[in-house]
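Asker: just coords:
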């Protein structure tokens with residue numbers, strides 16, 4: 001596992017956001033998480049961000065140290081692993097104390113809409129960094145969560161490693177907040193945080209560095225090829241690849257992004273992700289065939305796109 005962070009890392013890999021596999025008794029599953037990580041790394045992915053898809057919103061503080069130990073152990077030496085903290089203020093401070101005992105170069109603060117103000121979020125980031133003693137990933141997911149001026153101050157004070165931007169817009173290019181943010185913060189430290197679907201516009205039109213993806217866990221080679229196409233400004237190829245992700249992404253949007261991805265890896269025979277933990281619930285039986293079809297089709301497309309072995 002890499003122990004230093006650079007914004008150059010954002011260009012080198014799609015930022016995968018994997019689910020977290022658990023045994024059927026609910027504890028962390030070392031071997032199944034190993035399968036997920038090795039599958040991603042074999043497809044060229046070298047950045048793993050454990051956040052929403054891993055359901056770290058609901059992780060027990062009592063298992064957090066074991067989780068960090070497991071992730072550090074499983075990742076390859078040249079892979080960057082970013083764990084998450086929060087979203088509650090007290091939780092993130094306690095997690096900062098545990099994180100300091102490990103070598104992760106940054107961590108992401110999970111966002112919440114509840115019981116917050118924009119300035120209060122900025123202060124929470126400062127207090128967390130004071131305790132963690134390393135800059136953090138700022139995750140902006142909803143309008144009004146934090147204002148651009150506060151973000152600018154945090155960046156200028158060296159408290160932010162990068163920004164995950166994930167406010168969903170009906171028209172991707174009609175985004176005054178992102179325009180303002182990219183005017184005051186180097187776009188090279190902002191990553192598109194909503195998967196492959198808006199990534200072309202975010203990289204091409206706003207200059208963002210890269211993109212996060214959950215479906216990369218099903219098709220890592222294709223997702224990496226899309227990032228490479230964006231870097232080469234080959235937007236036609238990037239668009240062709242983006243369309244391959246659409247069926248599974250549309251199911252994630254229609255049902256629930258986390259629940260669909262969690263089960264998709266199992267249905268595509270990548271890893272046994274085990275039960276999904278509360279406060280989430282399992283997919284309805286009627287949705288499983290649709291998810292299985294979309295996941296297996298995407299995995300097959302990924303395998304077909306890989307260079308033939310000689």
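Answerer: The structure has been received and is ready for your questions. Since this is a predicted model, take the numbers as computed values, not measurements.
Asker: next helix or strand past the helix or strand hosting residue 202?
Answerer: Using DSSP states H and E, residue 202 maps to helix 199-206. The first helix or strand that comes after helix 199-206 along the chain, using DSSP H and E, is strand 210-213.
Asker: what does stretch 1-13 contact?
Answerer: Stretch 1-13 is touched from outside by 44-47, 71-72, 75-81, 103-106, 135, 161-162, 186, 188-189, 191, 209-210, 224, 227, 231, with contacts defined as Cβ atoms under 8 Å, 6 or more residues apart in numbering. For glycine as for every other residue, the C-beta is placed from the backbone atoms N, C-alpha and C.
Asker: please identify the buried residues of that stretch?
Answerer: For stretch 1-13, burial by neighbour count (16 or more other Cβ atoms under 10 Å) applies to 1-2, 5, 9-10, 12-13.
Asker: got those residues as a markdown table, with distance to residue 19 and secondary structure columns?
Answerer: Formatted as a markdown table, the buried residues of stretch 1-13 follow (distance: Cβ to Cβ, whole Å; DSSP: H, G, I helix; E, B strand; the rest coil):
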| residue | distance to residue 19 | secondary structure |
| --- | --- | --- |
| 1 | 19 | coil |
| 2 | 22 | coil |
| 5 | 23 | coil |
| 9 | 22 | helix |
| 10 | 22 | helix |
| 12 | 23 | helix |
| 13 | 18 | coil |
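Asker: okay, who's weakest in these by pLDDT?
Answerer: Least confident entry in those, by pLDDT: residue 9, with 89.
Asker: ok, for residue 41, nearest residue in space, not its chain neighbours?
Answerer: Leaving out its chain neighbours, the residue that sits closest to residue 41 by Cβ to Cβ, 6 or more residues apart in numbering is residue 76, at 5.3 Å.
Asker: what's near enough to touch the one you found?
Answerer: Residue 76 neighbours (Cβ under 8 Å, 6+ apart): 1, 37, 41, 46.
Asker: restricted to helices, list the residues you listed.
Answerer: 37, 41 (DSSP state H).
Asker: can you tell me the element the residue nearest to residue 41 falls in?
Answerer: Going by DSSP H and E, residue 76 is not part of any helix or strand.
Asker: now it: how far from residue 40?
Answerer: Noted for residue 76: a distance of 10 Å to residue 40, by Cβ to Cβ, to the nearest Å.
Asker: ok, now residue 110?
Answerer: Per Cβ to Cβ, residue 110 is found 21 Å from residue 40.
Asker: looking at the two now, which is surrounded by more residues?
Answerer: Each of residue 110 and residue 40 has its neighbours counted (other Cβ atoms under 10 Å); residue 40 has more, 26 against 19.
Asker: helix, strand, or coil at the nearest residue in space to residue 5 that is not next to it in sequence?
Answerer: Closest residue to residue 5 in three dimensions, ignoring its sequence neighbours and counting by Cβ to Cβ, 6+ apart: residue 105, at 3.9 Å. The three-state assignment at residue 105 reads coil, by DSSP: H, G, I helix; E, B strand; the rest coil.
Asker: list the contacts of residue 105.
Answerer: With Cβ under 8 Å, 6+ apart, residue 105 has these contacts: 2-5, 80, 134, 161.
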